[in-house]
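Colleague: Please find the sequence and the predicted model below.
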Amino acid sequence: MADKVILAYSGGLDTSVAIKWLKEKYNLDVIALTIDVGNEPDFSATSDKALKVGALKALVKDAKELFVGHFIWPALQADAIYEGQYPLATALSRPLIAKLLVDTAQEEGAEVVAHGCTGKGNDQVRFEVSVSALAPQLRVIAPAREWDMTREETIKYAQANDIPLPITAASPYSIDENLWGRSIECGVLEDPWLEPPEEVFAWTKPATEAPDEPGYVEITFVQGIPVAINGQKMDGLSLIQHLNRLAGGHGVGRIDHVENRLVGIKSREVYEAPAAVVLLAAHQALEAMTLSKGQLRFKQKVAAEYADLIYNGLWFSALRRDLAAYVQSSQRFVSGTVRLKLFKGNFSIVGRKSLSSLYHYGLATYDKGDQFDQSAAAGFIKIWGLPVKTQAQIQPLAQEEEPETKDRKEK
């Protein structure tokens with residue numbers, strides 16, 4: 001009886017070809033594991049395809065609630081955005097898939113797991129580092145890194161072996177999607193000068209087809225987690241799905257980004273993430289009201305590091321857990337409501353309120369009711385500027401070099 005391998009199966013080109021290739025190359029019986037993180041409404045066709053190609057079993061696990069509660073919300077609370085652009089949708093799902101790969105390997109008595117990542121991408125690192133953190137005894141195989149076929153050759157291999165594919169040479173896009181976003185690459189997108197064709201987008205309307213009237217949405221947060229839309233309480237899954245439809249309908253959420261991959265190359269990536277971009281902006285606006293200046297400045301540094309850790313496959317690292325503890329503490333008073341305006345592919349924050357707001361009208365206003373003691377300003381300025389004044393008196397900024405200094409330089 002052949003040994004078993006648990007394959008992270010998406011139903012796409014590489015993982016479909018991998019089922020047959022793993023049997024040919026390693027004589028392994030493949031158990032195809034598909035994780036539902038909001039990428040498909042119905043996985044029956046995906047499972048049928050895996051079995052048709054030659055999988056011993058085809059398993060589907062619904063992980064949407066796990067994904068929201070244990071990965072998306074912590075990343076949102078951290079304001080995790082890679083290089084100021086990418087909300088990390090694909091990167092966030094990988095440690096969860098790796099965890100379920102490990103769990104399934106233990107349940108099925110398998111000593112090998114596999115994924116469909118190439119040797120040029122980030123996902124290979126995310127999967128394998130996560131597996132090594134959770135189950136270092138498991139062996140990992142990366143077929144697409146080993147078989148040394150170009151994308152066109154992989155398509156031909158699939159066609160020669162009657163493997164049904166959604167990808168053709170005429171439509172060569174590689175697509176990954178989940179609740180938090182959709183990523184599209186390959187094909188004409190590999191030329192960073194070319195505008196992405198409209199055919200690559202599925203969640204967002206072009207601005208020219210978006211409504212002619214702006215849409216408004218109010219998002220309520222409790223300790224940094226969104227809990228209601230326009231006053232209606234929603235579970236996390238429903239809230240994200242609702243915002244994806246609403247913001248995407250106004251053309252909001254398109255990202256065209258040249259990013260620095262972990263493996264040392266630059267890659268042009270196109271993303272759709274309507275709910276993610278809106279929620280992240282709303283969360284940051286609420287933090288601006290409820291965190292002190294020092295907290296906010298330090299948290300921005302934490303956010304950048306947190307995003308890098310997610311992107312670089314280090315979700316299960318001790319440092320990520322340590323930072324997560326700080327992030328959780330920082331969210332104690334991040335509760336309130338933010339109002340946004342959505343219009344023709346753009347959005348803006350147009351209102352925010354919180355019972356824990358540090359914005360004090362009496363201190364901020366210039367009208368009647370001003371409680372700011374302006375008479376204290378003169379003394380404050382004198383003390384604040386004392387180090388600058390002292391240095392300027394001793395070391396004038398306009399002072400020319402002494403002749404002997406010039407002489408020393410000439411020698």
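Modeller: Thanks, I have the structure now. Given the structure is predicted, the values throughout are model-derived calculations rather than measurements.
Colleague: Tell me how the protein divides into domains.
Modeller: Annotated domains of the chain cover 4-66+86-172, 177-362 [automatic domain parsing].
Colleague: any low-confidence regions in the chain?
Modeller: For the chain, the stretches flagged by pLDDT under 70 are 1, 41, 166-171, 399-411.
Colleague: Quick one: the strands in it, in order.
Modeller: 4-8, 29-36, 57-62, 112-114, 139-141, 174-178, 181-185, 215-222, 225-229, 232-233, 254-260, 266-272, 336-343, 346-353 (DSSP state E).
Colleague: ok, which stretches of the stretch 251-400 of the chain are helices?
Modeller: Here the stretch 251-400 of the chain has its helices, by DSSP state H, counting those that start in this stretch, at 274-290, 293-311, 318-330, 361-364, 377-394.
Colleague: and residue 316, how many residues sit next to it?
Modeller: Residue 316 has 17 neighbours, counted by other Cβ atoms under 10 Å. In short, each C-beta sits where N, CA and C put it, glycine included.
Colleague: my bad, residue 287
Modeller: Residues near residue 287, counting by other Cβ under 10 Å: 24.
Colleague: before we move on, back to that, for residue 78, which of the domains of the chain is the nearest?
Modeller: The minimum distance between residue 78 and these falls on domain 177-362, with 4.3 Å, by Cβ to Cβ.
Colleague: And that closest one, how far out from the chain middle?
Modeller: 9 Å (Cα atoms, centre = their mean, to the nearest Å).
Colleague: And stretch 195-208, end to end?
Modeller: Stretch 195-208 has an end-to-end distance of 16 Å (criterion: Cα to Cα, to the nearest Å).
Colleague: So what touches it?
Modeller: Residues outside stretch 195-208 that contact it (Cβ atoms under 8 Å, 6 or more residues apart in numbering) are 171, 173, 182, 184, 188-189, 244, 248-254, 256, 270, 272, 274, 344-345.
Colleague: again, 6 Å this time
Modeller: With Cβ atoms under 6 Å, 6 or more residues apart in numbering as the test, stretch 195-208 has contacts from 182, 184, 248, 251, 253-254, 270, 272, 344-345.
Colleague: Return the residues in contact with the spatially most central residue of the chain.
Modeller: Nearest residue to the geometric centre of the chain (Cα atoms, centre = their mean): residue 88, 1.2 Å. When contacts are counted by Cβ under 6 Å, 6+ apart, residue 88 touches 80, 82, 310.
Colleague: 7 Å instead?
Modeller: 75, 80, 82, 307, 310-311 (Cβ atoms under 7 Å, 6 or more residues apart in numbering).
Colleague: So what's the residue count around the residue nearest to it when sequence neighbours are not counted?
Modeller: Here the nearest residue to residue 88 in space, its sequence neighbours aside, is residue 310; by Cβ to Cβ, 6 or more residues apart in numbering that works out to 5.1 Å. Counted with other Cβ under 10 Å, residues neighbouring residue 310 total 24.
Colleague: Tell me who's in contact with residue 310.
Modeller: If you count contacts by Cβ under 7 Å, 6+ apart, residue 310 has them with 75, 80, 88, 91-92.
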